[in-house]
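Chemist: sequence plus predicted model, see below.
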Amino acid sequence: MIEGSYFNQMLDCGTYYNEWVQHALSYLPEAMLAEHKDGLVFISTAQRDGCRMARGYCDTREVILLSERILPKHGAEEGQPEVRYFIYVVLHEVAHAIISRCDGIAPLEAVVADLCSSFPGGG
Ligand SMILES: [Zn+2]
């Protein structure tokens, strides 16, 4: 696990799910996470029925919305295919966010384009 209070500001998926997002983010290169953490926020519908994206929120950060259906269930373990898929989705959306913030990073774009075509239901 990565330590640091900045996770409090970037994770808003519900306590249990925040830990899983934090775990997924631990797969990113440390320098990449350090550079972009202030520009990302994760939300989910796990513990809310609806929400409104305040305009100011989106001005300064990429808001990544995680579908409830992919969140790891209670008692889930990393080795399970559905948990691997959840980690993939988190990293995939982070890659999209970083690309859009940086006006294109060619090697990362190629990787993401490949991933997008190999998984249904993403984007
Ligand atoms: Zn994609």
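Modeler: That came in fine, so what should we check first?

Chemist: ok, now which ones touch C51?
Modeler: I43, T45 (Cβ atoms under 8 Å, 6 or more residues apart in numbering). Every C-beta, even on glycine, is put in place using the N, C-alpha and C of the backbone.

Chemist: that one and the ion, how far apart?
Modeler: 23 Å (Cβ to the ion, to the nearest Å).

Chemist: my reading is that that residue lies in a helix. Confirm?
Modeler: No - using DSSP: H, G, I helix; E, B strand; the rest coil, the secondary structure at C51 is coil, not a helix.

Chemist: and it, how far from V63?
Modeler: 10 Å (Cβ to Cβ, to the nearest Å).

Chemist: can you check M10 too?
Modeler: Distance, M10 to V63, by Cβ to Cβ: 10 Å.

Chemist: give me the common contacts of those two.
Modeler: V41.

Chemist: more neighbours: these two, which one.
Modeler: M10 (21 against 15; other Cβ atoms under 10 Å).

Chemist: looks like the more buried one contacts I43 (just checking).
Modeler: No - using Cβ atoms under 8 Å, M10 is not in contact with I43; the gap is 10.0 Å.

Chemist: related to what we said a few turns ago, so what sits against both of C51 and V63?
Modeler: With Cβ under 8 Å, 6+ apart, C51 and V63 have common neighbours I43.

Chemist: tell me the pLDDT of the closest residue to the ion within the chain.
Modeler: Nearest residue of the chain to the ion: C116, at 3.5 Å (Cβ to the ion). We have a pLDDT of 75 for C116.
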